[in-house]
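*Asks:* Structure, please.
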Amino acid sequence: MASRDLHRNVLLEAIKENQDTETRLVQKLAAHIPDLVIQQDHSQCLPFVKKLEGVLMFLDISGFTALSEKYSSNAKTGTDQLTRTLNSYLGALVGGILSSDGDVLKFAGDAILAIWNVNNSKDMSAYVFKAIRCAVDLQEKYGIWNTNVGVKLKVKIGLAAGQVFVSFVGNSEFHHYVTTGKAVDDVGLAEKFCESGYVVVSPSAWLYCNGRSVEHEYLTDGWHVRVKKVYERPVTPPTRSGSEAKVYRTSFLSVMADAAENEPLILKDEFSKHIYRKAVFDLDDDVLANNLRLYISRPVLKKIDDDQPLEYLSEMRQVSIVFMNLILHQDMKKQEYCSLLQDSFDIIYNEVRKMQGCLNKIFMFDKGCTFLVIFGLPGYKHEMDSAHSLKCAYRMSRYLNLVPNIDDVSIGVTTGSTFCGVVGHNTRHEYTVIGRKVNMAARLMMHYPGIVTCDQNTFHHAKLPKQSFCKLVTVKMKGLANIGVIREYIEEVRLTKASAVPSFHYQILGRQPQLDYFNQVLMTMRESQTVGEQRQLIVFEGTSGIGKTHILDSVIRQAENQDIE
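*Replies:* Numbers count the residues shown, from 1 in each chain. Here you go, the predicted model:
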């Protein structure tokens, strides 16, 4: 115990000595980016692929949507409480991964993808066991997290091992990275076998667990393994060498090495905010900072540049969510696959930029090759966000369907109040969106393949011609109730002049004399159709906002019902 206290005191001193380092711009930027990206050769021309061996961990968290709805009902303090709760839970999970030498690759709403990079395949067994220990430890400590509003947060964890390919794509304004490979597929499949509280190891990772003392059981397929408990201490993987070793300070190294002999160093209280990532401990390079900026979304960069707390970005905000899934041809080499991702990125980024949206994420786990685009973020808010999101979605779909080796494009669009903010640990976090509308857009994307679909809110706020929409049969979707009317959006339809008038979906009030007059005019027009053509011009004047367009929409509807052209 005394030795442990000494280690903590030495580490605290190291933290205090480096608090100035922690506030440097490059450190702030690096907190949004995984080690794997930071350590790349940023002089390479895009696109390119990096091949590596590693252990993947996929954490799927349940309860976030219910939590956001609970807190959002409190307009005054709900967002702050939601932010604190999300970051307390996600910070604990991410802190556990970082303290076990893992690298958080992606946050995707209610999911996290992490990796343990294995430089030498001979060390794979030690790293697999280290990841298993981390997963079991996370489940024991944070498997069920009780919140103060009665919502329980739960997590299920899948593990896999093997080859991972990281494709780097982008342009002069924005870069991104996409993980692919069998290990990515395996970890997604392992998560499918999970229930809340489970740690499930894929066959590819379990191969490296022979002779290890773990309590486990085989699942129904006879291949995937649920790990319940770990009895023996892990074999500590060898110290990293080369450029990675240079980022350690001697005092910090000794503390970490000593702690590894006892237990994973999960720092509490004053230490919990200071879990240092090995790849960023001594970063101080203006050129590197400029390269890292390319991986961070524009709203976040604005706050960093203005030296404002990232907490200011956390809010319940009316946004339009665009989830797009690309089914890519399977029989391609990795470089061809990377080039196809770059071609897709070019189309998507250009169309999104034209419509003032923000490309937030690209990822391959869980739902295939998925792009997440958001309209209405700080600095990019527009009164026509819903219309822009639909038009952008349709044009992206049209252009992408012309690209060879893209077999299918499915897009779901939703609009509504959504939590938008930076979530995670203070040393590793990302800007993301969480809420019912995010889940719904993802469900629409998967349940209505090959088309652009939207919810009732998007249809209503877009105020686009109703002839551009087609009602679809509503299907049941996991985790969603009161789904409402689902529509397909088709931009290319033959529009009449009347089609340019926005449709209203609520009854007009207080304008009965005007409506009666127009009904009489319609009756006259209908009678005149039998004896010959008759034209009549009516000028309807009034101040802005009194409902002229609503009256015109009502007249057009009545004319259509009476077959009057």
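
*Asks:* Following the chain past the least confident helix or strand in the chain by mean pLDDT, name the next helix or strand.
*Replies:* Taking mean pLDDT, DSSP states H and E as the measure, the chain has helix 250-260 as its least confident helix or strand, at a mean of 32. Per DSSP states H and E, the first helix or strand lying C-terminal to helix 250-260 is helix 286-293.

*Asks:* list the buried ones in that following helix?
*Replies:* For helix 286-293, the neighbour count (16 or more other Cβ atoms under 10 Å) marks 289, 291-293 as buried. Placement of C-beta: from N, CA and C, glycine included.

*Asks:* Only alpha carbons, please: show it as PDB.
*Replies:* C-alpha atoms of helix 286-293 as PDB (Å, rounded to 0.1, in the frame of the first residue of the first chain):
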ATOM      1  CA  ASP A 286       3.200  23.400 -34.900                       C
ATOM      2  CA  VAL A 287       3.400  21.500 -38.100                       C
ATOM      3  CA  LEU A 288       1.800  18.500 -36.400                       C
ATOM      4  CA  ALA A 289      -0.900  20.700 -35.000                       C
ATOM      5  CA  ASN A 290      -1.900  21.900 -38.500                       C
ATOM      6  CA  ASN A 291      -2.100  18.300 -39.700                       C
ATOM      7  CA  LEU A 292      -4.200  17.200 -36.700                       C
ATOM      8  CA  ARG A 293      -6.700  20.100 -37.300                       C
END
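
*Asks:* Show me where the stretch 401-550 of the chain has its strands.
*Replies:* Under the criterion DSSP state E, counting those that start in this stretch, the stretch 401-550 of the chain carries strands at the ranges 406-425, 428-434, 452-454, 469-472, 486-489.

*Asks:* Tell me which of these sits most buried.
*Replies:* Sort the strands of the stretch 401-550 of the chain by mean neighbour count, taking mean count of other Cβ atoms under 10 Å, and strand 452-454 sits at the top with a mean of 29.

*Asks:* hmm, who's touching it?
*Replies:* Residues from elsewhere that reach strand 452-454 (Cβ atoms under 8 Å, 6 or more residues apart in numbering): 390, 393-394, 397, 411-415, 444-445, 462, 469, 472, 486-490.

*Asks:* Tell me which residue is most central in the protein.
*Replies:* Nearest residue to the geometric centre of the chain (Cα atoms, centre = their mean): Ala108, 3.5 Å.

*Asks:* gap between that one and Ala114?
*Replies:* 12 Å (Cβ to Cβ, to the nearest Å).

*Asks:* hmm, back to that, could the strands of the stretch 401-550 of the chain go into JSON lines alongside distance to Cys358 and mean pLDDT?
*Replies:* What follows is these, written out as JSON lines (distance: least, Cβ to Cβ, whole Å; pLDDT from 0 to 100):
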{"stretch": "strand 406-425", "distance to Cys358": "10", "mean pLDDT": "95"}
{"stretch": "strand 428-434", "distance to Cys358": "9", "mean pLDDT": "94"}
{"stretch": "strand 452-454", "distance to Cys358": "19", "mean pLDDT": "98"}
{"stretch": "strand 469-472", "distance to Cys358": "25", "mean pLDDT": "95"}
{"stretch": "strand 486-489", "distance to Cys358": "20", "mean pLDDT": "97"}
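
*Asks:* Flag the shaky bits of the stretch 351-500 of the chain, pLDDT-wise.
*Replies:* Along the stretch 351-500 of the chain, segments meeting pLDDT under 70 span 365-368, 492-500.

*Asks:* returning to that earlier point: quick one: the residue nearest to the centre of the chain and Asn360 touch, right?
*Replies:* No: under the criterion of Cβ atoms under 8 Å, Ala108 makes no contact with Asn360, lying 9.6 Å away.

*Asks:* shared neighbours, those two?
*Replies:* Counting by Cβ under 8 Å, 6+ apart, the shared contacts of Ala108 and Asn360 are 372, 432.

*Asks:* so what's Ile327 bridging to?
*Replies:* Asp408 (DSSP bridges).

*Asks:* which residues does it contact?
*Replies:* Contact partners of Ile327, counting by Cβ under 8 Å, 6+ apart, are 368-369, 406-410.

*Asks:* Need the pLDDT of it.
*Replies:* At Ile327, the pLDDT value in this model is 93.

*Asks:* Mind checking what secondary structure Leu377 has?
*Replies:* Three-state assignment for Leu377 (DSSP: H, G, I helix; E, B strand; the rest coil): coil.

*Asks:* re earlier: okay, the buried residues of helix 286-293 in JSON lines with pLDDT and distance to Leu341 next?
*Replies:* Converted to JSON lines, these look like this (pLDDT from 0 to 100; distance: Cβ to Cβ, whole Å):
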{"residue": "Ala289", "pLDDT": "90", "distance to Leu341": "26"}
{"residue": "Asn291", "pLDDT": "93", "distance to Leu341": "20"}
{"residue": "Leu292", "pLDDT": "94", "distance to Leu341": "21"}
{"residue": "Arg293", "pLDDT": "95", "distance to Leu341": "21"}
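
*Asks:* now, which of those sits nearest Gly197?
*Replies:* Leu292 (36.5 Å; Cβ to Cβ).

*Asks:* Would you confirm that the closest one contacts Gln40?
*Replies:* No: at 10.4 Å, Leu292 does not count as touching Gln40 under the criterion of Cβ under 8 Å.

*Asks:* any idea which of the buried residues of helix 286-293 is closest to Asp123?
*Replies:* Leu292 (28.5 Å).
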